[in-house]
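Q: fold the stuff below for me.
(one chain, ligands or ions: 10)
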Amino acid sequence: MAAAAMAAAVVLAAVVAAAAAQAEVRWEVSYLTLEPLGQAQKVIAINNQFPGPLLNVTTNQNVRVNVQNNLDEPLLITWDGIQMRMNSWQDGVSGTNCPIPPGWNWTYQFQLKDQIGSFFYFPSLGLQRAAGGYGPITINNRATVPVPFGQPDGDITLFIGDWYTNSHIELRNMLDDGKDLGVPDAILINGRAPYRYDTTLVPDGLQYETVGVEPGKTYRFRVHNVGISTSLNFRIQNHKMLLVETEGTYTNQQNYTNLDIHVGQSYSFLVTMDQNASTDYYIVASPRFISNPQWSQVTGVAILQYSNSKGKASGPLPDAPNDYYDKYYSINQAKSIRMNTSAGAARPNPQGSFHYGSINITQTFVLKNEAPLRINGKQRRTINRISYSPPETPLRLADLHNLTGVYTTDFPAMPSNIPARVASSVLNASYKGFLEIIFQNNDTDIQTYHLDGYSFFVVGMDYGEWTPDRRNEYSRWDAISRCTTQVFPGGWTAVLISLDNVGIWNLRAEKLDNWYRGQEVYVKVADPLGYNITEMIMPDNVLYCGILKERQTPQVHESNSKSSAQAEAGWSNRLLASVMLVVAAVIFS
Ligand SMILES: *[C@@H]1O[C@H](CO)[C@@H](O)[C@H](O)[C@H]1NC(C)=O
Ligand SMILES: *[C@@H]1O[C@H](CO)[C@@H](O)[C@H](O)[C@H]1NC(C)=O
Ligand SMILES: *[C@@H]1O[C@H](CO)[C@@H](O)[C@H](O)[C@H]1NC(C)=O
Ligand SMILES: *[C@@H]1O[C@H](CO)[C@@H](O)[C@H](O)[C@H]1NC(C)=O
Ligand SMILES: *[C@@H]1O[C@H](CO)[C@@H](O)[C@H](O)[C@H]1NC(C)=O
Ligand SMILES: *[C@@H]1O[C@H](CO)[C@@H](O)[C@H](O)[C@H]1NC(C)=O
Ligand SMILES: *[C@@H]1O[C@H](CO)[C@@H](O)[C@H](O)[C@H]1NC(C)=O
Ligand SMILES: *[C@@H]1O[C@H](CO)[C@@H](O)[C@H](O)[C@H]1NC(C)=O
Ligand SMILES: *[C@@H]1O[C@H](CO)[C@@H](O)[C@H](O)[C@H]1NC(C)=O
Ligand SMILES: *[C@@H]1O[C@H](CO)[C@@H](O)[C@H](O)[C@H]1NC(C)=O
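A: Ligands and ions are numbered 1, 2, ... in the order given. Reported below is the predicted structural model:
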């Protein structure tokens, strides 16, 4: 049965791929009532799927995604890790785009320039990701660039993440009231509850995820932590995980028995089904770096089921790393993730041919976060004592219209003891420069940061306060290039960035609660003469809001958006439906 489901998934995915060759999809974003933990909840689904559909595309392909917002809230979809080269207009965050109003649609149009790898998309506003709305993006190599490993027998995407039975609106209200979100109700895997590995911790009757596999075959697992704020340790019972790719870079291939995956991070592993199938096997995502021991009672558990499996998984879960007294375990693991310098990726020339380690640094930001601070009576999160407040008018649009006063460019590039304040302030970065960012974490909680528009080299991390002499220890040859990095509690992480992408780019805490409370900033990489040269012009469907809202012409809608949407989906849906019938016939005959 599981194998049949797997076969169906593979065929359906192929159809989606065929549709993606047109590089054009239409997504309806709507609430769907599901019971992931046994009680009804409104989750955000895309085309009635939660997690959302796969965007399966190839380097340099052009993509159009027509997003229909059927939620009762404004919506933006952001494309975590997609660099939107010269095109921050399509980034889908509040600093670059006006939100799509409820009932409206808007078409994102972008090119997947010079990228490969495993990423995901999600709704970027107001904690909506806590209700779902996420889905996978796979960018395949062009046929002319070899992948540095054999063709896997199948592709399996796993979304892991913490989850609350409270809605994203209730969670938002808690944060607004100065409360913390507390211990999550579960860790979901692909939107599903844990397998009942322990009858006292997991109630009966919940739906869990089963991954069906064939003995002897090798699968590519693409694992994304799309949760709210919990770092997770990921492992598959009795199976080695050969790490091959991280957020768009092919890694030096190494086996892991477990890997820490922090909020917003993505990894690809090759896993060979080389066990004897005496039982099913557990797939586990368990909390790490937790402040409250109750957190250890919530664990995500899915099932790996060989087609010749002789029985259910039972007994204890595979052990989490036993590193209570070894605070370097996780940091050393992170440092072991290296770039394969000889593999080609988006381009045929080797990934290592850009000798980042010998480029002189032209600009340094030291960005320090602290424990939550009270500002104007509210619990806020800061970077260098500034808590970001998104202006109603997107920053890039304000610039284009010569509006002043929307934001300031006085964001401090170094920490200081200025009084904490809420501001719409951005960081200036010099186009064509080589930027060093030190993330200094002055909190007792682990942090993750993500930068839009770029991939950065993670050259160093450690506990304690960063000092300039730590540059001597930077990894200058095969540091991993990625877009999301962790910063250990009381520690620092250093990244290097080649500033070759003009635009205004979001730099954010990926933990949703911290992000919501202001732990973000925009980095402005301007080329004053570059509009229509080094930067694309504003798209002709641009939405206006804030100070510019008078410019927006109303969108005309048919009274029944559902039926018009169905008509719109046209041939691809009909094709999908007929293929599903064929698959069903094969499976059930
Ligand atoms: C994605 O597209 C590639 C290239 O077109 C294809 O080979 C692959 O089977 C597709 N994968 C999935 C999971 O649909
Ligand atoms: C909204 O969807 C309609 C129908 O698919 C399409 O013609 C129109 O261009 C879309 N509008 C925008 C702003 O993307
Ligand atoms: C990874 O583990 C598998 C299974 O044990 C083994 O066959 C393979 O040689 C290992 N690969 C590396 C690079 O260590
Ligand atoms: C299957 O493998 C497990 C774990 O390696 C081992 O304990 C068990 O004896 C094996 N069973 C058979 C039937 O070979
Ligand atoms: C690096 O990539 C090359 C392909 O260029 C591949 O042959 C080699 O096995 C890879 N090495 C490691 C350690 O992943
Ligand atoms: C880097 O800086 C050093 C010393 O300041 C200088 O000698 C060297 O030429 C610079 N290298 C490049 C590539 O600009
Ligand atoms: C903004 O200022 C530039 C340079 O002065 C000018 O060319 C452009 O037309 C102005 N844009 C708008 C929308 O007023
Ligand atoms: C940032 O750049 C703008 C114009 O590009 C300039 O006016 C401003 O002074 C700069 N801010 C800082 C802090 O350098
Ligand atoms: C925060 O910074 C202060 C002052 O530098 C330092 O004494 C303290 O140890 C730091 N705390 C953490 C968790 O880094
Ligand atoms: C952009 O550049 C192209 C080619 O130089 C030109 O035809 C077009 O009018 C320009 N568009 C804008 C909005 O400046």
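Q: only C-alpha atoms for contact and neighbour calcs from this point on.
A: OK.
Q: who in the stretch 301-450 of the chain is up against ligand 8?
A: When proximity is defined by C-alpha under 6 Å from any ligand atom, the stretch 301-450 of the chain lies next to ligand 8 at 409-410, 428.
Q: filter these to keep only those in contact with ligand 2.
A: Residues of those in contact with ligand 2 (C-alpha under 6 Å from any ligand atom): none.
Q: residue 356: how many residues sit nearby?
A: Neighbours of residue 356 under the rule other C-alpha atoms under 10 Å: 18.
Q: now the helices: where do they sit in this structure?
A: Listed in chain order, the helices of the chain (DSSP state H) span 2-20, 168-176, 329-335, 395-400, 512-516, 561-588.
Q: close to ligand 5: what parts of this structure are there?
A: Near ligand 5, when you scan the chain using C-alpha under 6 Å from any ligand atom, you find 148, 252-253, 340, 342-343.
Q: farthest-apart pair in the residues you listed, please.
A: 253 and 342 (12.0 Å; C-alpha to C-alpha).
Q: more neighbours: these two, which one.
A: Set side by side, residue 253 and residue 342 show unequal neighbour counts under other C-alpha under 10 Å, the larger going to residue 253 at 19 against 14.
Q: who are the contact partners of whichever residue of the stretch 401-550 of the chain sits closest to ligand 2?
A: Taking C-alpha to the nearest ligand atom as the measure, the point where the stretch 401-550 of the chain comes nearest ligand 2 is residue 541, at 5.3 Å. For residue 541, the residues meeting the contact criterion (C-alpha atoms under 8 Å, 6 or more residues apart in numbering) are 106-107.
Q: mind pulling up the pLDDT for it?
A: Note for residue 541: predicted pLDDT of 96.
Q: quick one, domains of the chain?
A: Structural domains annotated on the chain: 17-146, 154-335, 356-525, as defined by automatic domain parsing.
Q: now do the last one, average pLDDT.
A: Spelled out, that is domain 356-525. Taken as a whole, domain 356-525 has an average pLDDT of 97.
Q: who's residue 42 bridged to?
A: For residue 42, the beta-bridge partners under DSSP bridges are residue 33.
Q: verify the stated contact: residue 515 with residue 508.
A: Yes. Assessed by C-alpha atoms under 8 Å, residue 515 is found in contact with residue 508 at 6.3 Å.
Q: give me the neighbour count for the nearest residue to residue 189 once chain neighbours are set aside.
A: With sequence-adjacent residues excluded and distances taken as C-alpha to C-alpha, 6 or more residues apart in numbering, residue 189 is closest to residue 160, at 4.7 Å. For residue 160, the count of nearby residues is 27 (other C-alpha under 10 Å).
Q: for residue 552, same thing?
A: Applying other C-alpha under 10 Å, we find 12 residues neighbouring residue 552.
Q: same check on residue 374?
A: Residues near residue 374, counting by other C-alpha under 10 Å: 13.
Q: hmm, it is touching residue 386, no?
A: No. Taking C-alpha under 8 Å as the contact criterion, residue 374 and residue 386 are not neighbours in contact, 11.9 Å apart.
Q: quick one on the thing from earlier: my guess is the residue nearest to residue 189 contacts residue 190. True?
A: Yes. Under the criterion of C-alpha under 8 Å, residue 160 lies in contact with residue 190, with a separation of 6.5 Å.
Q: would you pull up the residue in the stretch 251-400 of the chain closest to ligand 2?
A: With C-alpha to the nearest ligand atom as the measure, the residue in the stretch 251-400 of the chain that lies nearest ligand 2 is residue 397; the distance is 16.8 Å.
Q: contacting residues for that residue?
A: 96-97.
Q: try it again at 7 Å.
A: Taking C-alpha atoms under 7 Å, 6 or more residues apart in numbering as the contact definition, residue 397 lies against nothing.
Q: for ligand 5, see how far away it is.
A: Spatial separation of residue 397 from ligand 5 under the definition C-alpha to the nearest ligand atom, to the nearest Å is 42 Å.
Q: and for residue 195?
A: Summarising the geometry, the distance separating residue 195 from ligand 5, computed by C-alpha to the nearest ligand atom, is 34 Å.
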